[in-house]
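> here is a sequence with its predicted model. Questions after.
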Number of protein chains: 2
Amino acid sequence: MIDLDFDKSGGLIPAIAQDYLTKEILMQAYINKEAWELTIKNNVAVYYSRSRKSLWKKGETSGNVQKIKEIKVDCDLDSVIFLVEQIGDAACHKGYRSCYYRSIKNNDLKITGDLIFDPKVVYKK
Amino acid sequence: MIDLDFDKSGGLIPAIAQDYLTKEILMQAYINKEAWELTIKNNVAVYYSRSRKSLWKKGETSGNVQKIKEIKVDCDLDSVIFLVEQIGDAACHKGYRSCYYRSIKNNDLKITGDLIFDPKVVYKK
């Protein structure tokens, strides 16, 4: 197991999910040591939810799991990239392919990303 | 100015620098409100250094500034992507194009990134 520097920032480090084919950045979340170990072990992205204060098995509700194709580690061992195959083609809970579906244009946010599903249907809210 | 959610995580949020042409992720650092405002104002990436506890004008020493081409904002307003033109072709202080120059292979780290410069020469250490 590769040892990351979880101590520097209170146990959590950023993990960036990037589409392994298109290189689009899909989302950024956080991992703790347990999420890291589970991701490596199961080859599916597991994060730590800061709001729920618990492990977050990405796709457990929506089915949109992220299959790990490659993992990159940064120079300081405190940031990682998960190169993934995004099942369901959408990473964002709002139904977009990427959580970064908005860009700044003329000092405002403009939607530039692709909407893949209706979150009201998928999450049955 | 777009208001990001700096309060959620103690004033700092992750900023991911991505090459605007190749989509390679070059680095991930943090921004505070001041770094964010300066980045927008000057169109050049400014981060906040957690170790130095001060603004970090990327490229000030090495000359490897990051010209902003586009900025993407995530669904929760607490993570951003700087799509940049990386002057000098290297973002990492270790001389690699990307800070993520290592991948996990067979439970070990293998260098997979491109070395662009010799940090001993550039930083005169």
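All right, it came through fine. Residues are numbered from 1 along each chain as shown, chains lettered A, B, ... in the order given.

> quick one: the helices in chain A?
In chain A, the segments counted as helices under DSSP state H are A:33-42, A:119-122.

> what's the mean pLDDT across the last one?
Averaged across helix A:119-122, the pLDDT comes to 84.

> what about that helix, near chain B?
No: shown here: helix A:119-122 not in contact with chain B (CB under 8 Å from any CB of the partner chain), separated by at least 10.6 Å. C-betas here are computed from N, CA, C, even on glycine.

> distance from that helix to the middle of the chain?
On the basis of CA atoms, centre = their mean, to the nearest Å, helix A:119-122 sits 19 Å off its chain's mean C-alpha point.

> quick one, grab the pLDDT at the residue in chain A sticking out farthest from the centre.
The outermost residue of chain A relative to its centre, with distances by CA atoms, centre = their mean, is A:Asn106 at 28.2 Å. Turning to A:Asn106, the model gives it a pLDDT of 93.

> for the one 3 residues further on, same thing?
According to the predicted model, the pLDDT of A:Leu109 comes to 97.

> got it, and A:Ser62?
76.

> now the one 5 residues further on
As summarised for this prediction, A:Lys67 has a pLDDT of 98.

> ok, now A:Phe82?
Reported pLDDT for A:Phe82: 98.

> cool, and the one 10 residues further on?
Confidence per residue is given as pLDDT, and for A:Cys92 that number is 94.

> and it, how far from A:Gln28?
From A:Cys92 over to A:Gln28 the distance is 11 Å, taken as CB to CB, to the nearest Å.

> need the residues touching each of the two.
By CB atoms under 8 Å, 6 or more residues apart in numbering or on different chains, A:Cys92 and A:Gln28 have these common neighbours: A:Cys99.

> compare those two (neighbour count), which wins?
Neighbour count, other CB atoms under 10 Å in any protein chain shown: between A:Cys92 and A:Gln28, A:Gln28 has more, with 26 against 22.

> could you give the bridge partners of the more buried one?
Per DSSP bridges, the residues bridged to A:Gln28 are A:Ile16.

> residues contacting the nearest residue to A:Leu12 once chain neighbours are set aside?
Leaving aside its sequence neighbours, A:Leu12 sits nearest to A:Tyr30 (CB to CB, 6 or more residues apart in numbering or on different chains; 4.3 Å). Contacts of A:Tyr30 were listed using CB under 8 Å, 6+ apart, and they are A:12-15, A:47-48, A:50.
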